[in-house]
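Peer 1: the following comprises the amino acid sequence and a computationally predicted model.
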Amino acid sequence: MDNSEQLAAAYLRSLGFSDIAYEPDGNVPPDFLVNGRIAVEVRRLNQNVKSRTGDTEGIEEAFVPIWQAMYNYLPTLGPNAQSESWFVSIDVRRPLASWSKLKPLVRNALLQFMKSPNRQALSIQITQNLKLRLMPAGSPASSFFLLGGGIDLDAGGFVMAQVLQNLTIVIAEKEKKIAPYRYKYSEWWLVLSDHIGRGLDAEDRLQFKQLPTLAHSWDKIVLIDPSNPSRAFEV
């Protein structure tokens, strides 16, 4: 089981269920079968964005590759000069070009900065959706450039808006996935490990109930708090 499935299993046990079969039909939906009749699909609810191909991907899945590429690449630009090192932070917005296209642009900008006789903190707009912010390191490191931080400009936003937006994405995605298997069981639940609203607080839950009902075909949709899977909210 992955982490979301472990959390879902804990949630189901908190309801008093003991007959919980994991992947009863193999590596196809549902993820769990409860009491031999309730099919349960599980997923992580996180912020999603559109990739360059138009597919949906998680915020963290989209940000990690550019972060890792920069982390590995910066030390290759050379050792510190005159006992001097600089932090490079990245501001990212999507759609973001591939690293193969960004790499020469990053290289040219940073090498030009290295050659500057009067280096000062500054920001460099590499492309419309990638900006580098350079700040002097407090003490020299082994390389001239170090990855200092990053801001994902597509992340954040009002919690309720993000929950609703990504619920819509996940519901449609999961309904498509279970369609060929739906005939097997009369009752289907969707249990989501909520990494946006963390199961929502009391005020958000009240606000959610006042919104128009989400259109879906599930018998039950549940958001669970990843830090406490027994703390759940039925959509």
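Peer 2: Structure's in. What do you need?

Peer 1: now the helices for the protein?
Peer 2: 3-14, 59-73, 99-115, 159-178, 202-209 (DSSP state H).

Peer 1: out of those helices, which comes closest to Ile38?
Peer 2: Nearest of the helices of the chain to Ile38, taken as C-beta to C-beta: helix 3-14 at 8.9 Å. From N, CA and C alone the C-beta is placed, and that goes for glycine too.

Peer 1: quick one on the thing from earlier: give me whichever of the helices of the chain is most buried.
Peer 2: Of all the helices of the chain, helix 3-14 has the most neighbours on average by mean count of other C-beta atoms under 10 Å, namely a mean of 18.

Peer 1: any chance you could list what contacts that one?
Peer 2: The contact list for helix 3-14, computed with C-beta atoms under 8 Å, 6 or more residues apart in numbering, reads 1, 20, 22, 31-32, 34, 40, 42-44, 191-193, 222, 224, 226, 229-230, 232.

Peer 1: in TSV: the helices of the chain, plus mean pLDDT.
Peer 2: Formatted as TSV, those follow (pLDDT from 0 to 100):
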stretch	mean pLDDT
helix 3-14	95
helix 59-73	78
helix 99-115	95
helix 159-178	85
helix 202-209	76
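
Peer 1: save these as TSV, and put in distance to Ser143 too.
Peer 2: Putting those into TSV (distance: least, C-beta to C-beta, whole Å) gives the following:
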stretch	distance to Ser143
helix 3-14	34
helix 59-73	11
helix 99-115	11
helix 159-178	37
helix 202-209	45
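
Peer 1: which one of these lies closest to Ile151?
Peer 2: helix 59-73 (9.6 Å).

Peer 1: okay, now the domains of the protein?
Peer 2: Annotated domains of the chain cover 3-47+157-234, 58-152 [automatic domain parsing].

Peer 1: what about the nearest residue to Phe145 once chain neighbours are set aside, how many neighbours?
Peer 2: Distances taken as C-beta to C-beta, 6 or more residues apart in numbering place Leu74 nearest to Phe145, at 4.0 Å, with adjacent residues excluded. Leu74: 20 surrounding residues under other C-beta atoms under 10 Å.

Peer 1: what's the distance between Leu74 and Leu134?
Peer 2: Distance of Leu74 to Leu134, computed by C-beta to C-beta, to the nearest Å: 11 Å.

Peer 1: got any residues that touch both of the two?
Peer 2: Val88.
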